[in-house]
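**Student:** Mind looking at a prediction? Sequence and model below.
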Amino acid sequence: EGLSRGGVLVTVTGLTAAHYDQVLDILDDEGTVDLAEREESWRSEGWGGYEVSPHATGARTVGSAVGADGSYADTSSRTGDESIPIVEEQLRVGKRDTSHGRVRVRAYTVEEPVSETVSLREDRVELERRPVDRAVTDVDTAFQDRTVEAEEYVEEAVVSKEARVVEEISLRKTSDTRQETVTDSVRHTEVEIDDERSDTPYTTR
């Protein structure tokens, strides 16, 4: 019935269990039809099943009817009123979420070598002995115990580390609303009435 109403049937063969869900996702992204929902919609419009559909039974004369077993009966001699259902399709536009990709931020630690140049000072003590020949003065303080000392100093590089926050990265979702016009076609039943009681036939739609 779906094919006879202009639908398209897609068949995928040679599938493995690993590809089954992937193929279903691809078909769903392209807009598959819920057959149970479509059937319910058709039946609400008066459809009685494919066995009585004009696509299955072919062209029918006004005076014939199809039975449950597929047989045809002549009803031209029946009495009573006969009616033709006027069917009109209505367009219903829904919405669904479709993934357009994702953004993932992953933080990890990377260690890289760095170098820094620093000037270091060294204080060294050198012992000097030089020969002299002069008379002793009061400044020399002869024959007294004396101690003279000097200490060497050497600067060494000291490394310390400080962790500082230099940038922040976050994900923020924003939503925009856009208008989209959906164009499709709907079908309806048109009735042409030939009134043989008048000289000029007319058409009512």
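**Tutor:** Cool, the structure landed.

**Student:** what about the chain, any weak spots by pLDDT?
**Tutor:** Counting by pLDDT under 70, the chain has low-confidence residues at 55, 57-80, 198-205.

**Student:** Strands of that one, residue ranges please.
**Tutor:** Listed from the start of the chain, the chain has strands (DSSP state E) covering 64-66, 72-74, 122-123, 153-154.

**Student:** Now tell me what touches the last one from outside.
**Tutor:** In other words, strand 153-154. Leu120, Arg121, Glu122, Asp123 (CB atoms under 8 Å, 6 or more residues apart in numbering). In this view, the C-beta of every residue, glycine as well, is placed from N, C-alpha and C.

**Student:** wouldn't the second one be in contact with Glu155 here?
**Tutor:** Yes: between Arg121 and Glu155 there is a contact at 4.9 Å, judged by CB atoms under 8 Å.

**Student:** Mind checking which of these two has more residues around it?
**Tutor:** In this comparison of Arg121 against Glu155, neighbours counted by other CB atoms under 10 Å, the higher total goes to Glu155 at 11 against 7.

**Student:** Count the neighbours of Trp47 for me.
**Tutor:** 17.

**Student:** That one and Ile84: what is the separation?
**Tutor:** With distances defined as CB to CB, to the nearest Å, the gap from Trp47 to Ile84 amounts to 15 Å.

**Student:** What is the neighbour count of Val23?
**Tutor:** By the criterion of other CB under 10 Å, Val23 has 13 neighbours.

**Student:** my bad, Ala56
**Tutor:** By the other CB under 10 Å criterion, the neighbourhood of Ala56 contains 13 residues.

**Student:** Could you double-check that it sits in contact with Tyr50?
**Tutor:** Yes: between Ala56 and Tyr50 a contact is recorded at 5.1 Å, counting by CB under 8 Å.
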